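A.B. asks: Provided below are the primary sequence and the corresponding predicted coordinates.
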Amino acid sequence: MEFTVEDLKKAISSKTLEIGKEIVIYDEVESTNSMANELLKQGYPSGTVVIADRQIKGKGRLGRKWISPYGKNLYMSIALKPTIPPKYATLLTLTSAVACTTALRRYTDIPVMIKWPNDMLVDDKKVGGILTEMKIEGEKIKSAVVGIGINVNMTEEDIPEEIKEIASSLKICKEEEFLRVLLAAEIIKEFDKWYQLLEKRQRKTIIDRWIQLSCTIGRQVKIVLSDKELIAGAEAIDEEGRLIVKLSDGTYEKISAGDVTLLRTK
């Protein structure tokens, strides 16, 4: 890793309330999410950040593999003990997407957008994703880990042929290299700000910002659920973070989990 914990703390400079109080950096891990879970078990505080230069078993949503070449991208996880009720669990993912996208836009000046709930896209190509894993007991979220993967300095050659149509990187978008330490610092600062709003139950502020950054609302989408597939118009987000879609028969449905594909606009 070309930067240390000290370098990152220096880059953060401002005092964050919770996120980044503890930062642990590894050369290589199986996945930063499983490492963050492990550290929580060992007694590390909420807000602990885990960063690795490479993941051997990086994973995306729905069990997909996350391509993790050494030293080119940002792989980080944030370990949390949220106080929000489980019914607002989806909002943690939306909050994370808002924080990361805002940070990316500020640092790179690239117009990154969010695809529901948590993919970061540029021109409909994915440059980053978020995987949130939670342990819920009864009416309480016992712990949560937010995994963040950003394709930073990958070149066209680094992207496997089978995903070239749908994946990109910040470097490809802007034709310049970015410093991962500065990007990580921006994400930590933004995450701290938005996470505090979530903890203070400022749900509307988060949802409004998410909608501003969204490339999903107003588009036709294909949604693959465990038992069916829908083609619908994405209309809004409810206060629990669910996607409200309008079906061809005029009825509405609320989607809390599913694989969403944006359909090309004619």
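C.D. replies: Yep, that arrived.

A.B. asks: Any idea what the residue nearest the centre of the chain is bridged to?
C.D. replies: In the chain, the C-alpha nearest the mean C-alpha coordinate belongs to Ile130, at 2.8 Å (C-alpha atoms, centre = their mean). When assigned by DSSP bridges, Ile130 has beta-bridge partners Ile148.

A.B. asks: check contacts around it.
C.D. replies: Contact partners of Ile130, counting by C-beta atoms under 8 Å, 6 or more residues apart in numbering, are 93, 96-97, 100, 118-119, 146-149. In this view, the C-beta of every residue, glycine as well, is placed from N, C-alpha and C.

A.B. asks: Out of the residues you listed, which comes closest to Ile51?
C.D. replies: Ile148 (9.6 Å; C-beta to C-beta).

A.B. asks: sec struct for Lys204, please.
C.D. replies: Using DSSP: H, G, I helix; E, B strand; the rest coil, the secondary structure recorded for Lys204 is helix.

A.B. asks: which residues touch the spatially closest residue to Glu22 that is not a sequence neighbour?
C.D. replies: Counting by C-beta to C-beta, 6 or more residues apart in numbering, Glu22 lies nearest to Thr48, which is 4.3 Å off, once chain neighbours are set aside. For Thr48, the residues meeting the contact criterion (C-beta under 8 Å, 6+ apart) are 21-24, 36, 39-40, 78-79.

A.B. asks: Would you show me how to pick out the buried ones of the residues you listed in PyMOL?
C.D. replies: In PyMOL, this line selects whichever of these come out buried by 16 or more other C-beta atoms under 10 Å:
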select buried, resi 21+23+24+36+39+40+78+79
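
A.B. asks: Closest to Arg105 out of the contacts of Thr48?
C.D. replies: Comparing the contacts of Thr48 against Arg105 with C-beta to C-beta places Ile78 closest, at 19.3 Å.

A.B. asks: name the element the closest one belongs to?
C.D. replies: Assessed by DSSP states H and E, Ile78 sits inside strand 74-80.
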